[in-house]
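[1] Need coordinates for the below:
(one chain, ligands or ions: 1)
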Amino acid sequence: MISTASALAHPNIAFIKYWGNKDQDLRIPANSSLSMNLKELETRTRVSFDPSLAGDQLILNGIPEEGAALQRVSKMLNRIRNIVEFNTFASVESENNFPTGAGIASSASAFAALSCAASSAAGLSLSERELSRLARTGSGSASRSIPEGYVEWQAGTDHDSSYAYSIAGADHWDLVDLIALISKEHKETGSSLGHTMADKSPIQGARVKDANRRLEICRKALLERDFTVFADIVEQDCNLMHAVMMTSDPPLYYWLPGTLEVMRAVQIWRRQGLPVCYTIDAGPNVHLICPAKEADKVKRELGSFPGVKSILECTPGGPTHLLEPDFPGV
Ligand code: PMV
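    Predicted coordinates:
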């Protein structure tokens, strides 16, 4: 009998970043991190365990995938098959409504949706914490896309102690993430490989050692809705991660000239009194974070940059959840 389930997950943007693992296979991170789910961006994934299949199948945005992408999905499915002790293969269909692999953390929503849909299709009923742990094994940041709103991922030391939880609901603070798309190209070095290189930077140790200080400042500013403190710590944390990337061996440069242009402009705007800050993941696009009432002004300012191809506007998002099995469009 074919057993099917579908799930929807949002990607998230980290305010305090995850870079580097204590355990590469289980993706136990070097430091704890903090993020916001992005409501308008969605991954919808349907998983069908089908006894007639001779192997797992993956269709991503309508295109059949093989090789590394399929292997990574199969690894997650194997974890679930081991738990329920069956060996039926699955077909996985997944759609993103945003560009894949361009620094918008598509792997976070991909593995959050996959772990939710696949565990349900396999007959498991996992708690939020269990799902967060499972999603983490596919992509570290996916652990943060499971709970709702503003989310902290406690690094922990092993599989049991490394999971994410919500520290505030989506309606706690009406922050907006304006994603300035500098390039939609697929990045050269994916974050999975990047994490394995983090320890090659002589400053990763200092970044990790100071991470709890930054996290505590950021959490407090977020809970108190103190944008001034929040903005400075978010930018410092982002700059530290990119400093590690650039000083790895070989060095990783995710920025393009347009990235730096926007970063510099954001700092000038803030000095002039506009509450906005930037953060950047493993890609060239710049996430401009501001209170909702400032979003139109920031968008107008951004509109004058020739390097900015388009702008995506995101508000705080909810948790990963199951959809009706035959949800249209999946
Ligand atoms: O979950 P991964 O392996 O795609 O790593 C995400 C790394 C960053 O996006 C650069 C930082 C973060 O905390 O999301």
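
[2] From now on I want contacts and neighbour counts done on CA atoms only, so please keep to that.
    Will do.

[3] and the stretch 151-300 of the chain, which of its residues are near the ligand?
    191, 192, 281, 282 (CA under 6 Å from any ligand atom).

[4] Please name the residues that touch residue 168.
    148, 149, 150, 151, 223 (CA atoms under 8 Å, 6 or more residues apart in numbering).

[5] returning to that earlier point: take the residues of the stretch 151-300 of the chain next to the ligand and lay them out in CSV including secondary structure and neighbour count.
    Shown next, in CSV, are those (DSSP: H, G, I helix; E, B strand; the rest coil; neighbours: other CA atoms under 10 Å):
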residue, secondary structure, neighbour count
191, helix, 21
192, helix, 17
281, coil, 24
282, coil, 24
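
[6] Which pair of those spans the longest distance?
    192 and 281 (12.8 Å; CA to CA).

[7] Return the list of helices and strands in contact with the longest helix seen in the chain.
    Among the segments of the chain that qualify as a helix by DSSP state H, the longest is helix 227-246. Here helix 227-246 touches strand 12-16, helix 204-209, helix 211-223, strand 277-279, going by 3 or more CA pairs under 8 Å, 6 or more residues apart in numbering; DSSP states H and E.

[8] If we use 10 Å, what do you get?
    In terms of contacts (3 or more CA pairs under 10 Å, 6 or more residues apart in numbering; DSSP states H and E), helix 227-246 is packed against strand 12-16, helix 191-197, helix 204-209, helix 211-223, helix 257-271, strand 277-279, strand 286-291.

[9] just the angle between the fifth one and strand 286-291, please?
    Read it as helix 257-271. 20 degrees (axes from the mean of the first three to the mean of the last three CA atoms, to 10 degrees).

[10] can you pull the buried residues of helix 257-271?
    For helix 257-271, the neighbour count (16 or more other CA atoms under 10 Å) marks 258, 259, 262, 263, 265, 266, 267 as buried.

[11] Compute the distance between residue 85 and the ligand, please.
    Distance of residue 85 to the ligand, given as CA to the nearest ligand atom, to the nearest Å: 27 Å.

[12] Burial check on the residue nearest to residue 276 when sequence neighbours are not counted, number of neighbours?
    Leaving aside its chain neighbours, residue 276 sits nearest to residue 290 (4.5 Å; criterion: CA to CA, 6 or more residues apart in numbering). Neighbour count for residue 290, taken as other CA atoms under 10 Å: 21.

[13] Make residue 1 into 38 and carry on from there
    Understood, numbering begins at 38; the last thing we discussed is residue 327.

[14] ok, back up a step: gap between the longest helix of the chain and the chain center?
    17 Å (CA atoms, centre = their mean, to the nearest Å).

[15] same thing with stretch 292-310?
    On CA atoms, centre = their mean, the centre of stretch 292-310 falls 23 Å from that of its chain.

[16] looking only at pLDDT, what's the mean for it?
    The average pLDDT for stretch 292-310 rounds to 97.

[17] who's in contact with that stretch?
    By CA atoms under 10 Å, 6 or more residues apart in numbering, the residues outside stretch 292-310 that reach it are 217-220, 265, 268-269, 272, 279, 283, 311-326, 335, 338-339, 342-346.

[18] Can you flag the buried ones in the residues you listed?
    217-220, 268-269, 272, 279, 283, 311-326, 335, 339, 344-345.

[19] coming back round to it: drop anything exposed from the contacts of residue 205.
    Looks like the contacts of residue 205 have 185, 186, 187, 188 buried, using 16+ other CA under 10 Å.

[20] Now residue 207: closest residue in space that isn't a chain neighbour?
    Nearest one to residue 207, counting by CA to CA, 6+ apart, is residue 186 at 3.8 Å.

[21] quick one: that neighbour and residue 76 touch, right?
    Yes. Look at residue 186 against residue 76 with CA atoms under 10 Å: they come within range, at 8.9 Å.

[22] Next one: the closest residue to the ligand within the stretch 238-367 of the chain from residue 335, what distance?
    Of all residues in the stretch 238-367 of the chain, residue 318 sits closest to the ligand, at 4.0 Å by CA to the nearest ligand atom. According to CA to CA, to the nearest Å, residue 318 stands 20 Å off from residue 335.

[23] what's the neighbour count on residue 88?
    14.

[24] Let me know the secondary structure of it.
    coil (DSSP: H, G, I helix; E, B strand; the rest coil).

[25] Leaving out chain neighbours, which residue sits closest to it?
    Nearest to residue 88 is residue 125, by CA to CA, 6+ apart, at 5.5 Å.

[26] And for residue 76?
    residue 354 (3.7 Å).

[27] what comes into contact with stretch 105-112?
    Against stretch 105-112 from outside (CA under 10 Å, 6+ apart): 92-97, 101-103, 114-115, 117-118, 126-127, 129, 147-148, 151-152, 174-176.

[28] Could you give me the ChimeraX syntax to select whichever of those are buried?
    Listed next is the ChimeraX selection for buried residues among the contacts of stretch 105-112, using 16+ other CA under 10 Å:
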select :93,94,95,96,97,114,115,117,118,126,127,129,147,148,151,152,174,175,176
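
[29] Which of the contacts of stretch 105-112 fall in helices?
    In helices, defined here by DSSP H, the members of the contacts of stretch 105-112 are 114, 115, 117, 118, 147, 148, 151, 152, 174, 175.
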